[in-house]
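> structure, please.
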Amino acid sequence: MASSASTTGAGPDPIVLAQASENAWGNAGTAGEAATKGADWLSQAAPAKEPVFDILQPFAHAIIPVEDWVEVALDWTVTNFRPVFQMIRWPVDGVLGGVESALLGTPSIIMLAIIALLAWQTSGWRLGVGSFISLVFLGLMGAWAEAMTTLALVLTAVLFCTIIGLPIGIMLARSDRAAQVVRPILDAMQTTPAFVYLVPIVMLFGIGNVPGVVVTIIFALPPLIRLTNLGIRQVPGDLVEAARSFGASKRQLLFKVQLPIAMPTIMAGVNQTLMLALSMVVVASMIAVGGLGQMVLRGIGRLDMGLAAVGGLGIVILAIIIDRMTQSLGVSKRDRGNVAWYETGPVGLVRRLMKVGQSNEVALQPASTKTS
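A predicted model of the protein is given here:
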C-alpha cells in the first residue's frame, strides 16, 4: 500500500510533459526537428522533388539555364554600364524635346496649315485636302496634343534610324563579309516580338518618352539598313564602271551615281521604318510613353471603348498621312514627267505667281516710259 501510494502521489514525470507540450502535434520522427524550428508538421511544405532526367521526356525540365544567364548578364550590364546608357539618353532627349516643343508650341491652326501644305507639295492637292480634313477631325475629337506628341516621337526615332541605318547599309553594300555577319542580327531584330524589347530597355534606360524612342529606334532600324544595302547593290554595274572610267572617286561614285539611283529603294526603307516606328510607339505606351498609344492603353485599362477608339482613329489618320507622303518622296523625276519638285504644289504655285507679277511689271514699263 505504501509503495503504491508513493507511486501515485509522485504523478507524471515533468520532463515527459515538457517534451509533449513542445511538440503537441508532431510525430515521433519529427518531434525534435519541429521543436527546433518552432513549427509543426502541418505548416511544413513537402520537400521539392529533385528533377530527374528521363530519356523519354528529355525536355520536362530546363537543362540549360538560359534564363539565369540572361538575368545575370543584364544585372551586370546595368551595374557597370549605367552611365553609358544615360549618355545615350542625352542626344535623344535633346532632339525629342526640341521637336515636341516645336509641334506643341506652334498654334494648332498654323501647324495644321503646314502639314496640309507639305502633303500638297509631296503628294498633290488631293492628299493636301484630305490631310487638312483628317487633322481637323482629329483636333475636334480632342486628340491634337496627343497626336503631336506621337508625331514627335516618330520623327525623332526615324531621324536617328536614318543617321544610323544609312551608313550601315552603305557599308554592307560594299562588303559581302560584313553583310553576312550583320544579316542574322537584322533577322533577329525583325523577328523578335515588340514586347520583348521593353524589359531590358526599362532596366537600362528607365521609363518615359526617351526610353520609348530608344526602343522604337531598335525596332524600326532593320528595314532601312536592308533596303539601303539592296538599293546600292541594284545599281547597274555598267554605270559604276562608266563612272570609274571617267575618274570618279569612291565618294563621287557614292553621292553622284549610287545614292541617286538607289533613292527610290532607300525611301521605301524609310517608309517601312516610319510605319514600324508608329506601331512601336503605340506598344511602348506600356512603359509610360505618351501620345495616342497612351490613350489606347488607358481606354483598354478602364474598358473605355470611346477613349480607345479616339486613340486608334488618331493613329490611323497619322499612319495614312505619313505613308502617302513618304511614298511620294521615293518617286524619281523621270516618273514625275521630268518635272522638278519645286515646279509643283504650293512652291510651284508661288513661283508661277511671281513670274506672272514680273511679266506684268515688264509689260507696264514701256507704257510708263511713253507717258513720261
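
> surely residue 209 touches residue 153?
Yes: the pair residue 209 / residue 153 is scored as a contact, 6.4 Å apart, by C-beta atoms under 8 Å. Just so you know, the C-beta spots here come from the backbone N, C-alpha and C atoms, and that holds for glycine as well.

> higher neighbour count, the two?
residue 153 (29 against 23; other C-beta atoms under 10 Å).

> distance check, that one against residue 323.
Distance, residue 153 to residue 323, using C-beta to C-beta, to the nearest Å: 17 Å.

> and if you look at residue 291?
Taken as C-beta to C-beta, the span from residue 291 to residue 323 is 18 Å.

> okay, those two: which has more neighbours?
Under the criterion of other C-beta under 10 Å, the comparison of residue 291 against residue 323 puts residue 291 first, with 29 against 15.

> keeping just the C-alphas, turn the helix or strand encompassing residue 204 into CSV.
Here residue 204, judged by DSSP states H and E, is contained in helix 198-205. This file holds the C-alpha atoms of helix 198-205, laid out as CSV (Å, rounded to 0.1, in the frame of the first residue of the first chain):
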residue,chain,number,x,y,z
LEU,A,198,10.5,46.6,-73.3
VAL,A,199,12.0,44.7,-70.3
PRO,A,200,15.8,45.4,-71.0
ILE,A,201,15.0,49.0,-72.1
VAL,A,202,13.3,49.7,-68.8
MET,A,203,16.2,48.3,-66.8
LEU,A,204,18.8,50.2,-68.8
PHE,A,205,17.0,53.5,-69.6
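
> show me which residues of it are buried.
198, 200, 201, 202, 204, 205 (16 or more other C-beta atoms under 10 Å).

> give me the pLDDT value at the second one.
At residue 200, the predicted lDDT confidence score is 87.

> phi, psi of the nearest residue to it once chain neighbours are set aside?
Nearest residue to residue 200 in three dimensions, chain neighbours excluded: residue 74, at 6.1 Å (C-beta to C-beta, 6 or more residues apart in numbering). Phi and psi for residue 74, reported as degrees, to the nearest 10, are phi -70, psi -40.

> okay, now the unreliable bits of the chain?
Within the chain, the ranges that satisfy pLDDT under 70 run 1-48, 332-337, 366-372.

> residue boundaries of the strands in it?
Taking DSSP state E, the chain contains no strands at all.

> what residue is smack in the middle of it?
residue 216 (1.5 Å; C-alpha atoms, centre = their mean).

> and the helices in the stretch 151-300 of the chain?
With helices called from DSSP state H, counting those that start in this stretch, the stretch 151-300 of the chain shows them at 176-191, 198-205, 209-233, 237-245, 250-253, 259-283, 292-302.

> run through the residues that contact residue 322.
154, 274, 275, 278 (C-beta atoms under 8 Å, 6 or more residues apart in numbering).

> save those as JSON lines, and put in neighbour count and distance to residue 178 too.
Shown next, in JSON lines, are those (neighbours: other C-beta atoms under 10 Å; distance: C-beta to C-beta, whole Å):
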{"residue": "154", "neighbour count": "27", "distance to residue 178": "29"}
{"residue": "274", "neighbour count": "24", "distance to residue 178": "26"}
{"residue": "275", "neighbour count": "17", "distance to residue 178": "27"}
{"residue": "278", "neighbour count": "24", "distance to residue 178": "30"}
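
> now for those: which two are most distant?
For the contacts of residue 322, the farthest-apart pair by C-beta to C-beta is 154 and 275; their separation is 9.5 Å.
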